[in-house]
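The amino acid sequence is not available; the structure is as follows:
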């Protein structure tokens, strides 16, 4: 968390008051919530009435997809088709799976190019194939694994041509690349506090007033009748402070992180280990890729092995892989981008943020050769099963 957000949450935590109550303490809490709503809206190019507070990105994605699907189907029973990119976060993918399995939805998967981007013409062709059935389009603003930034405004414009609401998961984007709700043309945008220096457990669905959405939760209708539940005033306060600071400092922080990212990528490639970079990448570029995202593929390696070996020397990273029936599966994002399965298994994601320094980058580069050598030895000795001999469950 950003220090200013920590301080804001701590101050509000000791203040009594339910923002739905009419007494003095309740009104004071309501003032905090509404002033925070105005701050967040201003930073994200939205109106305050368009900011609907939730418990975070997963709930916001569920509200957007389930809420919009049900609203559209109720208005027109033919509207049962979801158009979704193949590289979405599981908060979107698993919600789509639920709607297909339990609520009669159909899905048209929008394929991506080798950099992980959905071309507007791909969306246009998918909509034109069966325009009367389209309920909602959902394409994330920036990818959580490889950092690719989508052409959101162009995609939203295509959806608007066909009169179809457009949702984008901007959890990775807000506070890290310019996000302007009004200018984007999107109808629904998901944001989360903890991805931009705020507290865990609070987020928002930014929703146009005319966006077709029905609620998932009932019991008070505190948030525009779209989301019931006592609002988290301390979390919302920290969220607002984090959004405002991350957006205000975005230009200089982007330049700083791009320099660190490029040093890390250049250093990794220069190690002579056969490492490659996934997704859109050009030195100095922060328009097609998030400034703080480094996604590497290491040959003859199991990503989990690399993760544990690096963790043992103080480098925390992730792989993007999943585990099904006790067998680790390569990242669906990399597979959708056309990366061969064996290459995808050696994936490593390193994320830089406001606490990252040049010393951190140098520590990673110093740790990589030893970790890769051990991981490759384990891979070769076990036939690709990594450190565990057989592929581990979990």
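Cool, the structure landed. All figures in this text were calculated on a predicted structure; none of them were measured in a lab. Numbering: from 1, shown residues only.

Low-confidence bits of the stretch 251-394 of the chain, can you list those?
Low-confidence segments of the stretch 251-394 of the chain (pLDDT under 70): 321-327, 384-394.

the strands in it, which residues?
Assigned by DSSP state E, counting those that start in this stretch, the stretch 251-394 of the chain shows strands spanning 276-277, 293-297, 322-324, 327-329, 347-351.

With mean neighbour count and distance to residue 372 added, can I get those in JSON lines?
No exception for glycine: its C-beta is placed from N, CA and C like everyone else's. As requested, the strands of the stretch 251-394 of the chain are exported to JSON lines (neighbours: other C-beta atoms under 10 Å; distance: least, C-beta to C-beta, whole Å):
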{"stretch": "strand 276-277", "mean neighbour count": "16", "distance to residue 372": "13"}
{"stretch": "strand 293-297", "mean neighbour count": "25", "distance to residue 372": "10"}
{"stretch": "strand 322-324", "mean neighbour count": "11", "distance to residue 372": "22"}
{"stretch": "strand 327-329", "mean neighbour count": "16", "distance to residue 372": "18"}
{"stretch": "strand 347-351", "mean neighbour count": "23", "distance to residue 372": "9"}
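
what's the neighbour count on residue 16?
For residue 16, the neighbour count with other C-beta atoms under 10 Å is 11.

pretty sure it belongs to a helix, no?
No. Under DSSP: H, G, I helix; E, B strand; the rest coil, residue 16 falls outside any helix and is assigned coil.

Outline the domain layout of the chain.
3-248, 250-387 (automatic domain parsing).

In this structure residue 332 contacts residue 87, no?
Yes. At 7.4 Å, residue 332 counts as touching residue 87 under the criterion of C-beta atoms under 8 Å.

More neighbours: which of the two?
Neighbours per residue, other C-beta under 10 Å: of residue 332 and residue 87, the larger number sits with residue 87, 30 against 18.

tell me the phi and psi of that one?
The phi and psi values for residue 87, taken as degrees, to the nearest 10, are phi -120, psi 20.

Check residue 203 too.
Residue torsions, per degrees, to the nearest 10, at residue 203 are phi -160, psi -160.

can you pull the contacts of it?
Listed by C-beta atoms under 8 Å, 6 or more residues apart in numbering, the contact set of residue 203 reads 53-57, 59-60, 171, 190-193, 239.

now do residue 139
Counted by C-beta under 8 Å, 6+ apart, residue 139 has contacts 84-85, 88, 110, 118, 123, 150, 152, 155, 166, 168.
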